[in-house]
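Asks: This is the structure alone, sequence omitted:
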């Protein structure tokens, strides 16, 4: 993962994060998925669709973490960091 600036808030586990099995099962409700989609600037369908998964993979790749397309803890922390920094969701 990328280094943080000294003024960044340390990463914690976001309150909305749920550990996701490595399977197609969806563990987030539609509102949480819409919040994730809003943060990723993809259409807010409330479903973990192909477009959302591809954007998750792009974020993961850009951050140097495994591009699984699932919301891993590192991915959740990155999404939360974007929300905190830019006021999305």
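Replies: Sure thing, it's come through. Keep in mind that this is a model prediction, so the values were computed, not measured. Numbers count the residues shown, from 1 in each chain.
Asks: Now the nearest residue to residue 61 once chain neighbours are set aside, what are its backbone angles?
Replies: Excluding the flanking residues, the one nearest residue 61 by CB to CB, 6 or more residues apart in numbering is residue 67, at 4.5 Å. Every residue, glycine included, has its C-beta placed from N, CA and C. Residue 67 adopts backbone torsions of phi -80, psi 80, taken as degrees, to the nearest 10.
Asks: Distance check, residue 67 against residue 18.
Replies: Remark: distance between residue 67 and residue 18 (CB to CB, to the nearest Å) = 20 Å.
Asks: Which of these two has more residues huddled nearby?
Replies: residue 67 (16 against 12; other CB atoms under 10 Å).
Asks: If you tally nearby residues, what's the number for residue 28?
Replies: 17.
Asks: what does residue 39 give?
Replies: 19.
Asks: just checking, it touches residue 85?
Replies: No - using CB atoms under 8 Å, residue 39 is not in contact with residue 85, being 10.5 Å away.
Asks: If we ignore the residues flanking it in sequence, what's nearest residue 47?
Replies: residue 33 (6.5 Å).
Asks: which residues touch that neighbour?
Replies: By CB atoms under 8 Å, 6 or more residues apart in numbering, the contact set of residue 33 is 26, 45-48, 52.
Asks: Residue 65 too?
Replies: 1, 72, 74-75, 78.
Asks: Can you show me the helices along this protein?
Replies: 30-40, 50-63, 73-86 (DSSP state H).
Asks: what angle separates the first one from helix 73-86?
Replies: What that stands for is helix 30-40. Counting by axes from the mean of the first three to the mean of the last three CA atoms, to 10 degrees, helix 30-40 lies at 70 degrees to helix 73-86.
Asks: Check which residues of helix 30-40 are buried.
Replies: 32-37, 39-40 (16 or more other CB atoms under 10 Å).
Asks: This completes my enquiry, with thanks.
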